[in-house]
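Undergrad: Using only what follows, build the 3D model:
(one chain, ligands or ions: 1)
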Amino acid sequence: MTNTNTKTKTKTEATPAKTANGPSRSKGGSDQVVSIPKRHEEERKRLPIYSARDAILAGIKKHPSVIIVGETGSGKTTQIPQYILEAGWAQYGAIAVTQPRRVAATSLARRVAEEAGTKLGQRVGYTVRFDDTSSPHTKLKYLTDGMLMREILSDPLLHRYNYVLLDEAHERTLRTDILFGMLKDIQSKRHQLKPNGSATTTPRIVDELKIIVMSATLDAERFAKYFNNAEILYVEGRQFPVRVFNTLEPQPDYLDSALVTALQIHTEQGPGDVLVFLTGQEEIENLEKLLLEQRQRLPAEAQDLLVCPLFAALPPAQQALVFTPAPPRTRKIILATNIAETSITLPGIRYVIDTGVHKSRGYSSKIGIESLLVAPISKSSARQRTGRAGREALGYCYRLYTEDGFAQLEEDSEPEILRCNLAAAILQLKAAGVNDVLDFDYMDRPPKLALLRALEQLYALNALDDTGRLSKLGKWMAEFPLDPCFAKVLFESQAHQCTHEVIDIIALLSVDTLFMMPFHKREEAAEARQKFTSLDGDHITFLNLQKAYQSVKGDSQWCSDHFVNHRGMHHVQEVRKQLRQVCERVKVNPNVSCGHDFDRVLQCFTTGFFHQTALLQPDGTYRSVIGSQYVRIHPSSTLFGKRHEAILYNELVFTTRLYVRGVSAIQANWIPEASPRYFRQGQLTAKAALPSVKGP
Ligand SMILES: Nc1ncnc2c1ncn2[C@@H]1O[C@H](COP(=O)(O)OP(=O)(O)OP(=O)(O)O)[C@@H](O)[C@H]1O
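TA: Predicted coordinates for the structure are as follows:
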């Protein structure tokens with residue numbers, strides 16, 4: 001391990017661990033200790049990070065902030081928090097380890113609880129949206145960055161924790177970036193509250209907050225500078241090598257190429273599971289079908305092939321399948337989005353197929369339009385993908401692009417904060433008491449126009465008052481684990497008396513594809529879909545689907561007969577249940593229904609999505625009300641090919657053209673009524689300047 005002090009830029013060899021500080025058990029507390037499997041003790045000692053244990057602890061003890069860079073799989077995420085725990089340092093304040101994704105937070109907590117010999121939810125636990133296994137005894141908690149932001153709302157100085165480990169910091173998600181600034185501020189405030197500082201203290205806030213930033217692929221110097229010249233520690237060595245192969249020619253159809261490569265590995269290579277990186281649910285489900293079809297054509301001895309999808313909207317029980325070993329002599333092929341790209345260890349994976357693409361959020365602050373595009377990944381993502389192999393044995397990574405293609409990739413992805421709608425983040429910042437969001441300590445400052453757009457949008461949603469401060473409604477919206485637009489719709493549903501329908505539709509919109517369209521059964525599928533179709537558009541069509549699904553109690557055969565995505569509908573029911581619970585907690589009755597008066601529902605959606613509306617043009621096309629862009633209704637929409645004076649849409653996607661999805665017909669006069677603060681009275685033109693834009 002090398003240790004670099006950023007001020008002096010000296011490099012010194014870290015002393016290897018002097019004592020054989022093997023894993024130990026916490027003595028006190030009410031922890032339910034379960035026995036530590038012997039193999040875990042041995043495995044932990046074999047990890048590259050183990051020899052750097054003492055040096056890491058010394059660095060953390062000495063410096064308020066530390067940046068730790070180590071190869072994928074070297075043991076950063078599972079071991080460093082345990083070292084702190086075993087050193088007895090978490091006695092007065094717990095350890096939080098943030099993850100950009102929930103699947104990582106839950107699987108890591110499970111693994112570490114097992115390694116530490118504790119029951120999950122006791123000394124080691126996790127908290128992700130709608131699922132909390134932590135308890136007052138939890139000393140080490142894995143949580144999503146969004147959940148830590150929420151904890152700051154109720155505990156502004158994060159008294160609970162003395163150590164916050166920001167894992168996979170290179171990903172630079174919007175939430176991670178906002179957390180960076182918030183934590184720096186908390187660290188400095190807690191420093192001032194120390195007994196030898198000038199401010200008064202309470203006995204509970206005597207400890208400083210240590211910030212530890214970790215990744216395999218980040219620009220350490222830059223991070224160190226941002227975190228007040230933090231100490232940088234490099235952990236050398238990886239557990240097992242991974243051999244990387246590139247294609248000789250660029251692959252125009254990466255899906256086909258992934259199919260061929262996966263089958264080739266299956267029929268020609270030795271044992272080991274395969275992980276394929278794809279861009280989204282639809283693509284995963286397509287490849288899943290193709291693989292299953294091809295499996296039938298394989299010789300009998302090669303048919304023991306198990307295909308497991310992995311994407312964010314997959315119900316947790318099915319996500320868990322990817323962590324379960326395949327039956328003996330069966331090869332598992334996991335088809336995943338980039339939720340499997342960082343942090344997680346998928347047991348059994350020896351082969352990685354990297355398509356070189358992902359879905360990336362884009363935002364034009366000029367026209368206020370957000371889009372999701374398939375784009376090339378960065379070099380750093382490619383390395384992370386490679387790092388999913390070689391965690392338990394020698395691995396292989398097949399990159400479906402040329403060596404030149406790799407060389408041309410950007411080093412890192414552009415931070416999300418520079419390319420997405422900031423409304424949700426600004427709402428959280430304001431709720432955490434950061435009123436002057438223009439001068440917040442961002443690691444990369446978003447363009448002023450994007451910040452102003454977000455303030456403008458929140459003001460138009462009535463989340464801010466005339467002085468730019470959070471309104472009562474804004475505080476309510478921040479309580480809700482939803483995008484501000486959806487939170488506004490839910491709030492309005494009380495006055496429109498359609499909370500029941502709105503909750504259902506929000507849950508339904510959380511899944512990409514509810515109606516399946518198998519290539520060779522398109523007509524049959526379209527006919528089945530007709531049964532649910534509403535002339536009002538997709539929102540009410542989805543609602544009809546939910547009613548029918550409930551009437552058959554979610555029967556899987558019914559779903560298959562009607563070309564309904566059973567997996568997706570299962571997820572919808574979970575989100576629905578959780579939303580209803582949150583409603584009850586904030587005293588909103590989730591059962592108030594408007595019957596068949598669907599205008600109320602759509603009016604309600606217009607109050608949150610007035611900025612995602614478009615008007616019919618004389619030539620039959622639609623132009624967005626804000627930004628004046630030509631948009632087309634996506635062929636998957638119920639309203640495809642239909643003409644209505646105005647439409648509302650849930651999502652804008654750019655494939656070959658700019659398409660809108662999740663579309664419903666609305667009346668044009670609902671749009672200015674939906675936000676009198678945004679539009680001139682009764683007109684579809686925006687007011688020149690909004691009060692919130694004038695400054696904090
Ligand atoms: N669920 C698991 N099952 C089997 N082995 C595991 C599991 N989780 C972790 N490991 C083992 O522990 C090692 C260290 O994992 P850890 O996540 O701590 O590494 P890391 O340095 O944080 O990697 P990354 O940078 O990829 O997140 C893995 O390489 C693997 O050998």
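
Undergrad: Close to the ligand: what parts of the stretch 351-500 of the chain are there?
TA: Residues of the stretch 351-500 of the chain lying close to the ligand by CB under 6 Å from any ligand atom are 387, 391-392. Using the backbone N, CA and C atoms, a C-beta is placed for each residue, glycine as well.

Undergrad: Can you tell me which of these lies closest to the ligand?
TA: residue 391 (3.5 Å; CB to the nearest ligand atom).

Undergrad: neighbour-wise, which of the residues of the stretch 351-500 of the chain next to the ligand leads?
TA: Neighbour counts for these, by other CB atoms under 10 Å, peak at residue 387, which reaches 24 neighbours.

Undergrad: can you give me phi and psi for residue 344?
TA: Torsion angles at residue 344 (phi, psi; degrees, to the nearest 10) stand at phi -80, psi 150.

Undergrad: That one touches residue 100, doesn't it?
TA: No. Contact criterion CB atoms under 8 Å: residue 344 and residue 100 do not qualify, at 11.2 Å.

Undergrad: Switch the residues of the stretch 351-500 of the chain next to the ligand over to a markdown table; also include pLDDT.
TA: Shown next, in a markdown table, are those (pLDDT from 0 to 100):
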| residue | pLDDT |
| --- | --- |
| 387 | 94 |
| 391 | 92 |
| 392 | 91 |
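
Undergrad: If we only consider those, which is nearest to residue 502?
TA: Using CB to CB, residue 387 is the member of these that sits closest to residue 502, with 42.1 Å.

Undergrad: In space, what's closest to the closest one - neighbours in sequence excluded?
TA: Leaving aside its sequence neighbours, residue 387 sits nearest to residue 72 (CB to CB, 6 or more residues apart in numbering; 2.5 Å).

Undergrad: Surely that neighbour is in a strand?
TA: No. Per DSSP: H, G, I helix; E, B strand; the rest coil, residue 72 lies outside any strand segment and is coil.

Undergrad: and it, how many neighbours does it have?
TA: Neighbour number of residue 72 under other CB under 10 Å is 23.

Undergrad: Quick check: residues of the stretch 201-350 of the chain near the ligand?
TA: So the stretch 201-350 of the chain meets the ligand at 216, 239, 342-343, 345, 347 (CB under 6 Å from any ligand atom).

Undergrad: Next, give me the two most distant ones among those.
TA: Using CB to CB, these reach their maximum pairwise distance at 216 and 347, which is 19.2 Å.

Undergrad: hmm, back to that, let's have the residues of the stretch 201-350 of the chain next to the ligand in a markdown table, adding pLDDT, neighbour count and distance to residue 83.
TA: Formatted as a markdown table, those follow (pLDDT from 0 to 100; neighbours: other CB atoms under 10 Å; distance: CB to CB, whole Å):
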| residue | pLDDT | neighbour count | distance to residue 83 |
| --- | --- | --- | --- |
| 216 | 91 | 22 | 18 |
| 239 | 83 | 20 | 17 |
| 342 | 90 | 25 | 21 |
| 343 | 89 | 29 | 18 |
| 345 | 93 | 19 | 18 |
| 347 | 93 | 16 | 23 |
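
Undergrad: Narrow the residues you listed to those in strands?
TA: Applying DSSP state E to these, no entry is found in strands.

Undergrad: With respect to residue 481, which of those is nearest?
TA: Nearest to residue 481 among those is residue 343, at 21.5 Å by CB to CB.

Undergrad: ok, now how distant is the closest one from residue 645?
TA: From residue 343 across to residue 645, the span is 48 Å (CB to CB, to the nearest Å).

Undergrad: What's the separation between the residue lying closest to residue 566 once chain neighbours are set aside and residue 568?
TA: Leaving out its chain neighbours, the residue that sits closest to residue 566 by CB to CB, 6+ apart is residue 559, at 3.8 Å. Counting by CB to CB, the gap between residue 559 and residue 568 amounts to 9 Å.

Undergrad: list the residues that contact both of those two?
TA: With contacts defined as CB atoms under 8 Å, 6 or more residues apart in numbering, no residue is shared by residue 559 and residue 568.

Undergrad: Starting from residue 144, give me the distance back to the closest residue to the ligand within the stretch 201-350 of the chain.
TA: Going by CB to the nearest ligand atom, the ligand is nearest to residue 345 of the stretch 201-350 of the chain, at 3.5 Å. Distance, residue 345 to residue 144, by CB to CB: 18 Å.

Undergrad: what's around residue 586, how many residues?
TA: Neighbour number of residue 586 under other CB under 10 Å is 11.

Undergrad: Kindly report the same for residue 300.
TA: Other residues close to residue 300 by other CB under 10 Å number 6.

Undergrad: Now do it, the pLDDT please.
TA: According to the prediction, residue 300 has pLDDT 85.

Undergrad: SS state for residue 606?
TA: Three-state assignment for residue 606 (three-state DSSP): helix.

Undergrad: can you check residue 539 too?
TA: helix.

Undergrad: surely it meets residue 664?
TA: Yes. Using CB under 8 Å, residue 539 is in contact with residue 664, at 4.5 Å.

Undergrad: and for these two, which residues touch both?
TA: 602, 605.

Undergrad: residues contacting the most centrally placed residue in the chain?
TA: In the chain, the centroid-proximal residue (CA atoms, centre = their mean) is residue 101; its distance is 4.6 Å. Residue 101 makes contact with 144, 312, 339, 342-343, according to CB under 8 Å, 6+ apart.

Undergrad: right, and out of the residues of the stretch 201-350 of the chain next to the ligand, which lies closest to residue 256?
TA: Looking across those and measuring by CB to CB, the closest to residue 256 is residue 342, at 26.8 Å.

Undergrad: Test my guess that the closest one contacts residue 104.
TA: Yes. Judged on CB under 8 Å, residue 342 makes contact with residue 104 at a distance of 7.0 Å.

Undergrad: about what we covered before: quick one, grab the pLDDT at the residue nearest to residue 387.
TA: 93.

Undergrad: now for the helix or strand containing residue 615, which elements pack on it?
TA: Under the criterion of DSSP states H and E, residue 615 resides in strand 613-616. Strand 613-616 is packed against strand 622-624, strand 646-654, with contacts defined by 3 or more CB pairs under 8 Å, 6 or more residues apart in numbering; DSSP states H and E.
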